[in-house]
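[1] test case, fold it:
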Amino acid sequence: MDTLTLRPWFAGDLDLLRAANTPEMTTYLNGVESEQQLLDRHARYLRLWEAGEARMFVIEDDEGAPLGSIGFWNVEWRGAPAFETGWFVLPEAQGRGVASRSLGLLLDDARQHRAGQRFVTAFPSVVNTGSNGVCRRAGFEMVGTITDEFRGAALTMNEWVFDLGD
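    This is a model prediction of the structure:
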């Protein structure tokens, strides 16, 4: 697994969302989603890509096997246009630098596809040491902690930001 690629999210990728919708994988996200929520999220990924409002990817190894997903979407952050990013890596691929390497590829893509966005934000749960470490290793700066509703319950998250530069 030396080479990772990010390929655009396709209509046939719904099963990847299902594979990540387990109690183990959603511990830091206030739990699993219903089948309808997964269908809605899958449709949103496709719709927002088509509209140019998001770029969602499947992370693949050098044999084309899916290892997880990563992407970014348009948000307003502190009064300015920005991107927000999120990712997941399937359990069998965790602990091998997949998320960190994929985030590096994603930041390169964000630089190429920004339209006024200078910052990429990420909001992992304060107790998700893995994702917070990915942000730190990628050069994000932690600028605060916020609590907001996510999947119907309060979630306290670290607020990370990466400056794409001028």
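
[2] state the mean pLDDT of whichever strand or helix holds Leu48.
    Leu48 belongs to helix 35-51 when assigned by DSSP states H and E. Helix 35-51 comes out with an average pLDDT of 96.

[3] with stretch 63-71 instead?
    pLDDT averaged over stretch 63-71 gives 97.

[4] next: stretch 7-23.
    For stretch 7-23, the per-residue pLDDT averages 96.

[5] buried residues, it. List them.
    Neighbour counts over stretch 7-23 (16 or more other C-beta atoms under 10 Å) mark 9, 13-14, 16-17, 19-21 as buried. (Each C-beta comes from the backbone N, C-alpha and C, glycine too.)

[6] repeat that for stretch 98-111.
    Buried, per 16+ other C-beta under 10 Å, within stretch 98-111: 98-104, 106-107, 109-110.

[7] with those residues in mind, which one is nearest to Ala138?
    Taking C-beta to C-beta as the measure, Ala138 lies nearest Leu103 of the buried residues of stretch 98-111, at 4.8 Å.

[8] contact partners for that closest one?
    By C-beta atoms under 8 Å, 6 or more residues apart in numbering, Leu103 lies in contact with 70, 85, 87, 134-135, 138.

[9] repeat that with 7 Å
    70, 87, 134, 138 (C-beta atoms under 7 Å, 6 or more residues apart in numbering).

[10] wasn't it part of a strand?
    No - assessed with DSSP: H, G, I helix; E, B strand; the rest coil, Leu103 is helix; it does not lie in a strand.

[11] hang on, the earlier thing: who touches the helix or strand following the helix holding Leu48?
    Note on helix 35-51: by DSSP H and E, the next helix or strand toward the C-terminus is strand 54-60. Applying C-beta under 7 Å, 6+ apart, the external contacts of strand 54-60 come out as 4-9, 13, 16, 45, 48-49, 66-74, 98, 102, 109, 113.
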